[in-house]
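Engineer: Below are the sequence and a predicted model; questions follow.
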Amino acid sequence: MNFPTKFRLSLMMFMEFFIWGAWFVTLGTFLGNNLQAKDQDISLAFSTQSFGAIIAPFIVGLIADRYFHAQRILGVIHLIGAGLMYLMYSATDFSGFFPFLLGYMILFMPTLALVNSISFNQMKDPAKEFSIIRVWGTIGWVSAGLLISFLAWDSQAGLAEGLLKNTWIMAGFVSLCLGIYSFTLPATPPRAKSNEKLKLSEILGFDALGLLKDRNYAIFFLSSVLICIPLAFYYQNTSPFLTEIGVNNSTGKMALGQVSEVLFMLALPIFFYRFGLKKTLIAAMLAWAVRYVFFALGDADSGLWMLMIGIVLHGICYDFFFVAGQIYTDSHAGEKFKSSAQGLFTLATYGVGMLIGFWAAGQISNFYLYENGIHAWRSIWLIPAGISVMVLLFFISFFKEEKIKPQY
């Protein structure tokens, strides 16, 4: 690719993930503080990500791949999304807020595949070129978090004034910009003919279910679904947790998790080659358990360092499991089922696994809520730590090492 194309795609990625990071990290805090939502309501709100992940293959497979250019669909979705953001900004209670969030996430989740499709369509060697473009998405997410903390919307004073609702205006404005900008992106025509018969099983990735006949892959697949349960606790509870115990600039501090994601992404190939697949996945699951133990023991004063380590461990938790898992899935799928296998992996983890996790996090958070509105956070965090340990022991006991050559 030439530089102008790289710049255009990088800007697209930056805005795509800036929009998501501008509200998703602080969603739990916003709902509890601004809309007085209960823990079960917050878990339902986060579950919209899973609903979107489950529905996304229909939108991409049935519409984007068959009838319209990807960049035009991306533009239309973000223009509609800007309007939904304003409606969420204007909502005064959870019942008036939730339908707009659900509609938005059903539309937004397919855009994650669309921006990838637009990027891949311009690349001769995606293995070498894509990471340079995708990293700008992470930079966008981090920038949103740092900006929120810089503006003090997540500070105790900002929360008292209800300033966190401004995240929806900020995200909506960038969504409007990306919506307009998308129509200027390189053309990405539909890959399939509109009259070509397309099976539902192919869209959802069910054609790849045959991979589960391999005992080793079936154990990995089940472990992936189960580990998404404690992962949901991090996304749903970390911001309300840090805010409630009095951590300053909590959103900016949480952005360090995405910074570590970039660094550990660079370290993954070295670790993968040197220690192999099984040890890489074990390191990720162990990091999950350690993170939650540190959250349980840390505090906003002398124990702040423990909270910071827990946040920075996000890079190992995510990269060493999900990226390594995508590589492992690709190696097993073969040419015919590569796309179906990745679709099935995403549907099972971000769809089913995290849907269960968000529900569990809401129930457990509500159970450990005192009458004064304060949570017993130590008890809450020890539960996902325990789940992580059990998944780790299951994986160690039954998964046999395989020699996999990662494709970078």
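Structural biologist: Great, that's in hand. Numbering: from 1, shown residues only.
Engineer: Flag the shaky bits of the stretch 301-408 of the chain, pLDDT-wise.
Structural biologist: Along the stretch 301-408 of the chain, segments meeting pLDDT under 70 span 333-343, 404-408.
Engineer: Strands of the chain, residue ranges please.
Structural biologist: Taking DSSP state E as the criterion, the chain contains no strands.
Engineer: Could you list the domains of it?
Structural biologist: The chain is divided into the following domains under automatic domain parsing: 1-186, 202-408.
Engineer: tell me, which of the ones you listed is the model least confident about?
Structural biologist: For those, the weakest mean pLDDT is recorded on domain 202-408, namely a mean of 86.
Engineer: so how many other residues sit close to residue 150?
Structural biologist: 11 (other CB atoms under 10 Å). The way it works is simple: take the backbone N, C-alpha and C, and place the C-beta from them, glycine included.
Engineer: wait, doesn't it sit right on residue 252?
Structural biologist: Yes: counting by CB atoms under 8 Å, residue 150 touches residue 252, with 7.1 Å between them.
Engineer: In space, what's closest to residue 319 - neighbours in sequence excluded?
Structural biologist: Excluding the flanking residues, the one nearest residue 319 by CB to CB, 6 or more residues apart in numbering is residue 264, at 4.5 Å.
Engineer: pretty sure the one you found contacts residue 312?
Structural biologist: No: applying CB under 8 Å as the test, residue 264 and residue 312 come out as separate, 9.4 Å apart.
Engineer: Those two - which one has more neighbours?
Structural biologist: Neighbours were counted for residue 264 and for residue 312 using other CB under 10 Å; residue 264 has more, 23 against 19.
Engineer: ok, back up a step: give me every residue that touches the residue nearest to residue 319.
Structural biologist: Contact analysis of residue 264 by CB atoms under 8 Å, 6 or more residues apart in numbering lists 315-316, 319-320.
Engineer: what's the answer for residue 308, then?
Structural biologist: By CB under 8 Å, 6+ apart, the contact list for residue 308 reads 253, 256.
Engineer: how about a cut-off of 10 Å?
Structural biologist: Residue 308 makes contacts with 247, 253, 256-257, 294, 298, as judged by CB atoms under 10 Å, 6 or more residues apart in numbering.
Engineer: Go through stretch 77-89 and flag the buried ones.
Structural biologist: Across stretch 77-89, burial judged by 16 or more other CB atoms under 10 Å covers 77-82, 84-89.
Engineer: Filter the residues you listed down to the ones in helices?
Structural biologist: Using DSSP state H, 77-82, 84-89 are the members of the buried residues of stretch 77-89 that sit in helices.
Engineer: ok, back up a step: save the buried residues of stretch 77-89 as a markdown table, and put in distance to residue 307 too.
Structural biologist: Putting these into a markdown table (distance: CB to CB, whole Å) gives the following:
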| residue | distance to residue 307 |
| --- | --- |
| 77 | 36 |
| 78 | 34 |
| 79 | 39 |
| 80 | 37 |
| 81 | 32 |
| 82 | 34 |
| 84 | 33 |
| 85 | 30 |
| 86 | 34 |
| 87 | 34 |
| 88 | 29 |
| 89 | 30 |
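Engineer: With respect to residue 117, which of the residues you listed is nearest?
Structural biologist: Of all the buried residues of stretch 77-89, residue 77 has the smallest distance to residue 117: 13.2 Å, by CB to CB.
Engineer: Please tell me how far the nearest residue to the closest one once chain neighbours are set aside sits from residue 184.
Structural biologist: Excluding the flanking residues, the one nearest residue 77 by CB to CB, 6+ apart is residue 107, at 4.9 Å. Distance, residue 107 to residue 184, using CB to CB, to the nearest Å: 20 Å.
Engineer: Which one of the two is surrounded by more residues?
Structural biologist: In this view residue 107 and residue 184 are compared by other CB under 10 Å, and residue 107 has more residues nearby, 20 against 10.
Engineer: Can you show me the helices along the stretch 51-200 of the chain?
Structural biologist: 70-90, 94-120, 126-150, 156-160, 166-182, 200-204 (DSSP state H, counting those that start in this stretch).
Engineer: packing partners for the fifth one?
Structural biologist: Put plainly, it is helix 166-182. Judged by 3 or more CB pairs under 10 Å, 6 or more residues apart in numbering; DSSP states H and E, the packing partners of helix 166-182 are helix 3-24, helix 27-34, helix 70-90, helix 94-120, helix 126-150.
Engineer: Determine which stretch of the ones you listed is the most buried.
Structural biologist: Of all those, helix 27-34 has the most neighbours on average by mean count of other CB atoms under 10 Å, namely a mean of 23.
Engineer: Can you get me the centre-to-centre distance for that one and its chain?
Structural biologist: Put simply, helix 27-34 sits 19 Å off its chain's centre (CA atoms, centre = their mean, to the nearest Å).
Engineer: Taking helix 94-120 as reference, get the angle to that helix.
Structural biologist: Between the axes of helix 27-34 and helix 94-120, defined by axes from the mean of the first three to the mean of the last three CA atoms, to 10 degrees, the angle is 160 degrees.
Engineer: by contact count, what packs against helix 27-34?
Structural biologist: Using 3+ CB pairs under 10 Å, 6+ apart, the elements in contact with helix 27-34 are helix 39-59, helix 94-120, helix 156-160, helix 166-182, helix 215-244, helix 354-367.
Engineer: now that helix against helix 166-182, angle please.
Structural biologist: Helix 27-34 runs at 130 degrees relative to helix 166-182, counting by the same axes, to 10 degrees.
Engineer: who touches the residue nearest to residue 353 when sequence neighbours are not counted in this structure?
Structural biologist: Of all residues not flanking residue 353 in the chain, residue 228 sits nearest, at 2.9 Å (CB to CB, 6+ apart). Going by CB under 10 Å, 6+ apart, residue 228 touches 50, 321-322, 348-358, 391.
Engineer: number of nearby residues for residue 214?
Structural biologist: Using other CB under 10 Å, residue 214 has 13 other residues around it.
Engineer: do residue 283 as well
Structural biologist: If we define neighbours as other CB under 10 Å, then residue 283 has 17 of them.
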